[in-house]
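Chemist: here is the input, now give the coordinates:
(one chain, ligands or ions: 1)
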Amino acid sequence: MSQITITVNHHTFVGNTQQSLLEQMEYLGLQPEFHCRDGVCGACRCKLNGGEVMKKNALAYISVGEILTCTATPVTNVLLKFDYQLSLAEKSHKSKLCFLN
Ligand code: FES
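Modeler: Model prediction:
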């Protein structure tokens, strides 16, 4: 499992190249919007402003430059931008959080 960084709305975390971005953000205690977790609803979309991801087939409509975090797994360091502020879960895995900035 390769270690990469995931930058979400200007905060950088340690991530990996095995799990979807949605799973990794949830593990970190972030609460991105989602519904189907299978590339259908589009609720988990965000802008990919840097880096590369591996995408599974998905049905949801996304614009150029957007990804579905439930079906995207980072291949390199990634820079994500959500149009809304992500909050931390009340029972976040703060011990697992590894802010790099
Ligand atoms: S949660 Fe529905 S497309 Fe990602």
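Chemist: could you report the separation of the residue nearest to the spatial centre of the chain from the ligand?
Modeler: Centroid-nearest residue in the chain: Leu21, 3.3 Å away (criterion: CA atoms, centre = their mean). To the ligand, Leu21 is 10 Å away according to CB to the nearest ligand atom, to the nearest Å. Using the backbone N, CA and C atoms, a C-beta is placed for each residue, glycine as well.
Chemist: report how many residues lie close to the closest residue to that residue other than its chain neighbours.
Modeler: Excluding its sequence neighbours, the residue lying closest to Leu21 (CB to CB, 6 or more residues apart in numbering) is Thr69, at 4.0 Å. Residues contacting Thr69 under the criterion other CB atoms under 10 Å number 28.
Chemist: ok, Thr69 touching His35?
Modeler: No: between Thr69 and His35 no contact is recorded; they are 12.0 Å apart, counting by CB atoms under 8 Å.
Chemist: joint contacts of those two?
Modeler: Residues touching both Thr69 and His35 (CB atoms under 8 Å, 6 or more residues apart in numbering) are Cys44.
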